[in-house]
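> any chance you can model this:
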Amino acid sequence: MFTAPKSDLIYSNNLTGVAATGANLYFDNANALYLYFNIDESVSLASLRIFITKNGAPVKVLKGTELAKDEKGYYYKTDAIAATDFDELYTATVYVDDLMISTSVTYSVASYVAANYSAATELGALVQALWNYGVAATAYAAA
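Sure thing, here's the model as predicted:
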């Protein structure tokens, strides 16, 4: 039986010239998240600091010049996410220099599943299987 998780996608856009624009799930031999930002050309990448947290705990700090870029914009790709961590919240918060004004995006594998679990599609079947695997792995690890 499939029980859909809730989505916890959160945007906070308070920084002029930097906007959190999306998030996505990376499928491969290990899953990861992409957290996306649009950064205006007037903003120096060297002036940006990106703080990555997992459930509020610090993971790493990046310079703006360390962000990757594709057709959707600049992004941070998380490290591999274990099946037992599919409901963990990852947040990327962008600051300019030392200003206490920020832009952030928060996402999880559970958010992706919640947005794409429709049983009428191949993607829906895939994310249902992925989520069920995560639930089973978590139960096994707890036993």
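> pretty sure Gly134 belongs to a strand, no?
No. Counting by DSSP: H, G, I helix; E, B strand; the rest coil, one finds Gly134 to be helix, located in no strand.
> right, and it touches Phe86 too?
Yes. Using C-beta atoms under 8 Å, Gly134 is in contact with Phe86, at 3.8 Å. C-beta here means a position set from N, CA and C on the backbone, and glycine is covered the same way.
> where does the prediction get shaky in this protein?
1-2, 100, 119 (pLDDT under 70).
> that one: helices as residue ranges?
Assigned by DSSP state H, the chain shows helices spanning 109-116, 122-142.
> mind putting those helices in TSV, mean neighbour count and distance to Tyr36 included?
Shown next, in TSV, are the helices of the chain (neighbours: other C-beta atoms under 10 Å; distance: least, C-beta to C-beta, whole Å):
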stretch	mean neighbour count	distance to Tyr36
helix 109-116	21	13
helix 122-142	14	19
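> need these in JSON lines (columns: distance to Tyr76).
As requested, the helices of the chain are exported to JSON lines (distance: least, C-beta to C-beta, whole Å):
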{"stretch": "helix 109-116", "distance to Tyr76": "15"}
{"stretch": "helix 122-142", "distance to Tyr76": "21"}
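> for Gly64, find the nearest of those.
Nearest to Gly64, of all these, is helix 109-116, at 24.5 Å by C-beta to C-beta.
> hmm, who's touching that closest one?
Contact with helix 109-116 is made by 4-9, 23-25, 31, 33, 81, 85-88, 123-124, 127-128, 130-131, 134, as judged by C-beta atoms under 8 Å, 6 or more residues apart in numbering.
> using CSV, list the CA coordinates for that helix.
Extracted in CSV, the C-alpha atoms of helix 109-116 (Å, rounded to 0.1, in the frame of the first residue of the first chain):
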residue,chain,number,x,y,z
VAL,A,109,12.9,13.4,-1.5
ALA,A,110,9.5,13.3,0.2
SER,A,111,8.6,16.6,-1.4
TYR,A,112,9.4,15.2,-4.9
VAL,A,113,7.4,12.1,-4.2
ALA,A,114,4.4,14.1,-3.0
ALA,A,115,4.4,16.2,-6.2
ASN,A,116,4.8,13.3,-8.6
